[in-house]
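1. all I have is the shape, not the residue letters:
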């Protein structure tokens, strides 16, 4: 401050204190708007020239520029070094090692696409850390939840109006609801991420109604992955809340009664599952895909369009051929097609990154990720309401990662970056700001 004037780093000029406050408020309003738009657009993705494109990608560029000029873009030196090593390694392997040891030479455009995908997830990771530092993660997730509810409402509307005839792009095939995403399984996991955020808000009828709306959209997707995530996450939340929140006899009694009723309900459902699911499938055809989960899990994995057993077997074979260096970025489907005439991704995030990055780098990444979740789950010092919220969303992606490849999921990397910033010893202790 110099005689009633302040220096504005955005314009590099001296302005009056009152004008400075007005400009700062305007900048904050713009930042809030971009963060809200990011939350909204994270519900959308489509394939454009072989790339998984979302409006969020454009908004993230604007958001990074805004954060950069405000000196709020948060870079972590250890994570930046890890990402540079990862990019250099995957580029070298895909360009030189793969053509040398395999009967396959990747197209340059595929290598460029692979590196663009890696660069994008790095950006989302650091956006997450930056938003966590500014205490804006709840803001982006609030708008994400609102949009998820709006999209989920269309699945309910389909019960009374033939939405598929009006908006066929909302459906995959003839019956599976996918919202604004390009894949119903990805959509189901994203909806469960919204559920994870919702269950960390204050209780009440609005939260219960919103939960029903979101869960129904997961069922409408006909995603067996989404159903498994729903069951696993509900079970985890029950155990976690019982251990950490149940400290009085009345609460313990209520928990035990709830558990007994839940077990009885599951037993009754398993006894009468065939007629129940058959009746539901008459009104909601997507439910038919879910029945195998309860009647024959092995068939659920291999049949009904899943084919996970084969994709996992192919991924394991490819990993055996290059376990240390991997196969690089942008070569996976080309290699599987050249070697086994089977051009499909691994449908398992852990296998996907292990094959592409190699075991050393992928194990460092996975170990760090699991350590974050364990710290927030078991150490009371890290069990803040925001950390638990971020951990729950991350858990949804980790469970979903067992059946689909989510290594390029935007929300996953934002949440991962935010939680890494919030937990000490996770790479954000040494940072560089406003580069």
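-> Structure's in. What do you need? All values reported here derive from a predicted model rather than from experimental measurement.
2. alpha carbons only for contacts and neighbour counts from here, please
-> OK.
3. point out where the stretch 151-300 of the chain drops to low pLDDT.
-> Scanning the stretch 151-300 of the chain for pLDDT under 70 picks out 246-249, 251, 266, 269-274, 276-277, 282-283, 291-300.
4. can you give me the helices in it?
-> For the stretch 151-300 of the chain, helices defined by DSSP state H, counting those that start in this stretch occupy the ranges 163-166, 184-198, 205-220, 224-245, 249-271, 273-283, 291-295, 297-302.
5. same question, the stretch 301-435 of the chain
-> Counting by DSSP H, counting those that start in this stretch, the helices of the stretch 301-435 of the chain are 308-321, 332-340, 349-357, 359-378, 385-400, 410-422.
6. got phi/psi on residue 328?
-> phi 80, psi -180 (degrees, to the nearest 10).
7. run a quick neighbour tally on the closest residue to it other than its chain neighbours.
-> Of all residues not flanking residue 328 in the chain, residue 90 sits nearest, at 4.0 Å (CA to CA, 6 or more residues apart in numbering). Residue 90: 25 surrounding residues under other CA atoms under 10 Å.
8. pretty sure residue 342 is touching residue 336, no?
-> Yes: assessed by CA atoms under 8 Å, residue 342 is found in contact with residue 336 at 5.4 Å.
9. tell me which of the two has more neighbours.
-> Neighbour count, other CA under 10 Å: between residue 342 and residue 336, residue 336 has more, with 21 against 15.
10. quick one: that one and residue 312 touch, right?
-> No: using CA under 8 Å as the test, residue 336 is too far from residue 312 to be in contact (11.8 Å).
11. can I get the helices of the stretch 301-435 of the chain in TSV including mean pLDDT and distance to residue 170?
-> Shown next, in TSV, are the helices of the stretch 301-435 of the chain (pLDDT from 0 to 100; distance: least, CA to CA, whole Å):
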stretch	mean pLDDT	distance to residue 170
helix 308-321	90	24
helix 332-340	91	27
helix 349-357	95	25
helix 359-378	94	33
helix 385-400	95	21
helix 410-422	95	20
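12. need those helices in JSON lines with distance to residue 194, can you?
-> Formatted as JSON lines, the helices of the stretch 301-435 of the chain follow (distance: least, CA to CA, whole Å):
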{"stretch": "helix 308-321", "distance to residue 194": "26"}
{"stretch": "helix 332-340", "distance to residue 194": "31"}
{"stretch": "helix 349-357", "distance to residue 194": "20"}
{"stretch": "helix 359-378", "distance to residue 194": "18"}
{"stretch": "helix 385-400", "distance to residue 194": "8"}
{"stretch": "helix 410-422", "distance to residue 194": "11"}
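13. wait, which of these is closest to residue 57?
-> Closest to residue 57 of those, according to CA to CA: helix 410-422, at 8.8 Å.
14. between that closest one and helix 184-198, how many degrees?
-> Put simply, helix 410-422 runs at 40 degrees to helix 184-198, going by axes from the mean of the first three to the mean of the last three CA atoms, to 10 degrees.
15. and helix 410-422, what does it pack against?
-> Helix 410-422 makes packing contacts with helix 108-133, helix 359-378, helix 385-400 when contacts are defined by 3 or more CA pairs under 8 Å, 6 or more residues apart in numbering; DSSP states H and E.
16. OK, contacts around residue 285?
-> The contact partners of residue 285, by CA atoms under 8 Å, 6 or more residues apart in numbering, come to residue 175.
17. what about the stretch 1-150 of the chain, any weak spots by pLDDT?
-> 1-27, 50.
18. try it again with 90
-> Counting by pLDDT under 90, the ranges of the stretch 1-150 of the chain that qualify are 1-31, 46-53, 66-76, 103.
19. where do the strands sit along it?
-> In the stretch 1-150 of the chain, the strands defined using DSSP state E, counting those that start in this stretch lie at 5-8, 13-16, 46-48, 51-53, 74-76.
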